[in-house]
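Engineer: Next come a sequence and a model predicted from it.
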Amino acid sequence: MSSYIDIKFLNLLSTRLPKFKRKSDKLFNFRCPHCGDSKKSSNKARGFVYEKKNELFFKCHNCGMGQSLGNLIKFIDPLLHKEYIFERFKDGRVSEEKTELDFTPSKELKIKDRVERQLDTLIRYDKLVTTHPAKQVLYKRLIPKEHWDKFFFCPNFYEWTNTIVPNKFTDLRQDHPRVVIPFYDRAGKFFAFQGRAFGKEQPKYITIKFDESKQKIYGLDRVDLNKPVMITEGPIDSLFVDNAIALAGADAVVNIQHTQCTMIFDNEPRNKHIVDRMIKAVDEKFNLVIWPKSLQNKDINDMIIAGKTQTQVASLIYSNTFSGLSALQQINQWKRI
């Protein structure tokens, strides 16, 4: 009975716990209300409520705070805590057995795994000095400052990648710097990254996935699945569109109701691969953006660089979205192959 009451009151408190998620039956995760959690990333949540000896306890793996669920409730909302105490002990029976507060992390509560620690060895772009040469790519691509914390500067991309995926690159003689763009899943867990070249290094984009159970999809940690979802080809494009994710691989599978999703491919009517993917998207019941023939820009970021505002881009997307038979007809008029 006490477990039911504990979970009931934790759920009542959940609206005041940023990034709150129920990860399993009796394991909950959210940003720590004591220390505010990671100052480097708003996506990280290191506060956990977990079961130990039929009781729920709180532990933060950022500041080390550990306490009973009751004391966590009391810290955040003293009035709710009074209701909690009343309901939990309203039958008048308070256990005389003292529950030992054991804050030893279970296997599910590992402090910062190895790959997260490797990401912390890089410098986040919002921390780079203004004159740092690596910042030119963000200036040139007109990336808004509110998104700079989503990029990291990696001076030796091959060597750094090998610390996460051993022997991914066996020849380090051609090692070079790249921009690293981390991918996080719905729970905010780092599972992949994309390295973007600064110069003429090929390929321009290298996407590394170290959790094979995940799809190569960027932005899952930020998207609201209760709203229509926009799907772009690249992570940078997705930053200029409301509620967007990006596919970093043609084989990625989107596990969202397709009729609520709009696919936005690059404006390349001579690219057979893109045309084939567009037809496949229509067959799979996605909505599809088909750019007007008068548009000269290759992708959303190029539109922004050319002078269009995000509002103008949104209007272009809205007025050129098709589905079903009309989408196939528009593709036939748009393609040049």
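Structural biologist: Looks like it arrived, so ask away.
Engineer: okay, now the nearest residue to Ala134 once chain neighbours are set aside: neighbour count?
Structural biologist: Nearest residue to Ala134, sequence neighbours excluded (C-beta to C-beta, 6 or more residues apart in numbering): Phe153, at 4.7 Å. For the C-beta atoms, the positions are set from N, CA and C on the backbone; glycine is no exception. Neighbour count for Phe153, taken as other C-beta atoms under 10 Å: 20.
Engineer: So Phe153 is in contact with Val137, correct?
Structural biologist: No: in this structure, Phe153 is not within contact of Val137 by C-beta atoms under 8 Å, at 9.6 Å.
Engineer: Now the common contact residues for those two.
Structural biologist: Val179 (C-beta atoms under 8 Å, 6 or more residues apart in numbering).
Engineer: State the three-state secondary structure for Ile181.
Structural biologist: strand (DSSP: H, G, I helix; E, B strand; the rest coil).
Engineer: Could you measure from it over to Gln174?
Structural biologist: 21 Å (C-beta to C-beta, to the nearest Å).
Engineer: One more: Lys90?
Structural biologist: Counting by C-beta to C-beta - Lys90 and Gln174 are separated by 70 Å.
Engineer: Please enumerate the helices of the chain.
Structural biologist: For the chain, the helices defined by DSSP state H occupy 2-13, 69-76, 78-88, 114-119, 136-140, 157-164, 235-238, 272-283, 300-305, 310-319, 324-334.
Engineer: highest average neighbour count across these?
Structural biologist: helix 235-238 (a mean of 25; mean count of other C-beta atoms under 10 Å).
Engineer: Residues contacting that helix, please?
Structural biologist: 141, 143, 181, 194, 218-219, 230, 232, 244-246, 248, 264, 299-301.
Engineer: again, but for stretch 326-334
Structural biologist: Stretch 326-334 has contacts (C-beta under 8 Å, 6+ apart) with 269, 275, 278-279, 282, 287-288, 290-291, 293, 322.
Engineer: Contacts only, for Phe9.
Structural biologist: Phe9 sits in contact with 69, 73, 80, 83-84, 87, where contact means C-beta under 8 Å, 6+ apart.
Engineer: Mind putting those residues into TSV with pLDDT and distance to Gln260?
Structural biologist: Shown next, in TSV, are the contacts of Phe9 (pLDDT from 0 to 100; distance: C-beta to C-beta, whole Å):
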residue	pLDDT	distance to Gln260
Leu69	92	36
Ile73	93	36
Leu80	89	35
Glu83	89	38
Tyr84	89	38
Glu87	85	39
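Engineer: Neighbour count: Ile181 and Gln174, which is higher?
Structural biologist: Neighbour count, other C-beta under 10 Å: between Ile181 and Gln174, Ile181 has more, with 21 against 8.
Engineer: for that one, which residues make a bridge with it?
Structural biologist: Gln194 (DSSP bridges).
Engineer: Quick check: it touching Ala192?
Structural biologist: No: taking contacts as C-beta under 8 Å, Ile181 lies outside contact range of Ala192: 9.4 Å.
Engineer: about what we covered before: would you mind measuring from the residue nearest to Ala134 to Pro235?
Structural biologist: 16 Å.
Engineer: where does the stretch 1-150 of the chain have low pLDDT?
Structural biologist: Low-confidence segments of the stretch 1-150 of the chain (pLDDT under 70): 1-2, 91-113.
Engineer: Strands along that one, start to end?
Structural biologist: 21-24, 27-30, 47-52, 55-60, 66-68, 123-124 (DSSP state E, counting those that start in this stretch).
Engineer: Redo the ones you listed as JSON lines? Include distance to Leu225 and mean neighbour count.
Structural biologist: Shown next, in JSON lines, are the strands of the stretch 1-150 of the chain (distance: least, C-beta to C-beta, whole Å; neighbours: other C-beta atoms under 10 Å):
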{"stretch": "strand 21-24", "distance to Leu225": "13", "mean neighbour count": "13"}
{"stretch": "strand 27-30", "distance to Leu225": "18", "mean neighbour count": "21"}
{"stretch": "strand 47-52", "distance to Leu225": "23", "mean neighbour count": "20"}
{"stretch": "strand 55-60", "distance to Leu225": "28", "mean neighbour count": "22"}
{"stretch": "strand 66-68", "distance to Leu225": "33", "mean neighbour count": "16"}
{"stretch": "strand 123-124", "distance to Leu225": "27", "mean neighbour count": "17"}
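Engineer: As JSON lines, those strands with distance to Arg336 would be great.
Structural biologist: Converted to JSON lines, these look like this (distance: least, C-beta to C-beta, whole Å):
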{"stretch": "strand 21-24", "distance to Arg336": "46"}
{"stretch": "strand 27-30", "distance to Arg336": "49"}
{"stretch": "strand 47-52", "distance to Arg336": "54"}
{"stretch": "strand 55-60", "distance to Arg336": "57"}
{"stretch": "strand 66-68", "distance to Arg336": "63"}
{"stretch": "strand 123-124", "distance to Arg336": "41"}
